[in-house]
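[1] I would like to see how this sequence folds:
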Amino acid sequence: MNAPFYTFKAISLQGKEIEMSTYAEKTIVVVNTASKCGFTPQFEGLEKLYERYKEKGLVILGFPCNQFANQEPGDEHSIAEGCLLNYGVTFPMFAKIDVNGKNAHEIFTYLKKELKGFPGSTIKWNFTKFVIDKEGKPVKRFSPNTTPESMEAYLLSLLN
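    Coordinates of the predicted model:
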C-alpha cells in the first residue's frame, strides 16, 4: 500500500477530493480524455471494459484534458453531461487537468516518468492509457491508437 501512486489525490468531476489509495488492490487504467476528439468513441469501449470487469477489480479513471487542439473546452458540468449522455460513462471521472508542461497534474508527471512513451515521455494526444497493477505499480502504457478492446487480454492477465 506504500506505492507512490497511492499518495496522489485528484478532484472528481463533482468537486470532491479523491485519494488514489481508494483504488488500492485494484487494476487501474488512467486515461486522459476529451469529448471532441477523434478517439472520443473510446469512452464506449472503456465503459464496456469497466462494466465487464469492475467486479474482478478493474477501475478506470478518466482525466479530461484540453491540451490537444482544444478538444475539451467545456467545464466540469458539460464534461459530465457529455460523458453520461453520449457514452453512458459510470467509471470515475475527474476535473479537467493538464497532462504536460509545468502545470501537469502530479499523477501524470509520475506516470510519464515511470512509463516513457515513444519518442520521449510526453503525452502526445488524448486517450493515452496507463495501467497500474494491484500493488500500485505502473506496468504498461498504451497509445491513443490502442482501442480499449485490444487492451482486454492484457487487463485480464492482471485481473486473474
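[2] contacting residues for residue 48?
    By C-beta atoms under 8 Å, 6 or more residues apart in numbering, the contact list for residue 48 reads 148, 149. C-beta: built from backbone N, CA, C; applies to glycine.
[3] The one 5 residues further on too?
    Applying C-beta under 8 Å, 6+ apart, one finds that residue 53 lies in contact with 155, 156, 159.
[4] List the buried residues for the helix or strand bottoming out on mean pLDDT in the chain?
    Least confident helix or strand of the chain, by mean pLDDT, DSSP states H and E, is helix 76-87 with a mean of 78. By 16 or more other C-beta atoms under 10 Å, the buried positions in helix 76-87 come out as 76, 79, 80, 82, 83, 87.
[5] Identify the residue nearest the fifth one in space, chain neighbours excluded?
    Across the structure, with C-beta to C-beta, 6 or more residues apart in numbering as the measure, the residue nearest residue 83 apart from its sequence neighbours is residue 89 (4.0 Å).
[6] how much space between that neighbour and residue 8?
    As judged by C-beta to C-beta, to the nearest Å, residue 89 and residue 8 stand 21 Å apart.
[7] Among the two, which residue is more densely surrounded?
    With neighbours defined as other C-beta atoms under 10 Å, residue 89 and residue 8 compare such that residue 89 has more, 22 against 17.
[8] A strand includes that one, no?
    No: read with DSSP: H, G, I helix; E, B strand; the rest coil, residue 89 is coil and lies in no strand.
[9] residue contacts, it?
    Applying C-beta under 8 Å, 6+ apart, we find residue 89 in contact with 43, 46, 47, 62, 83.
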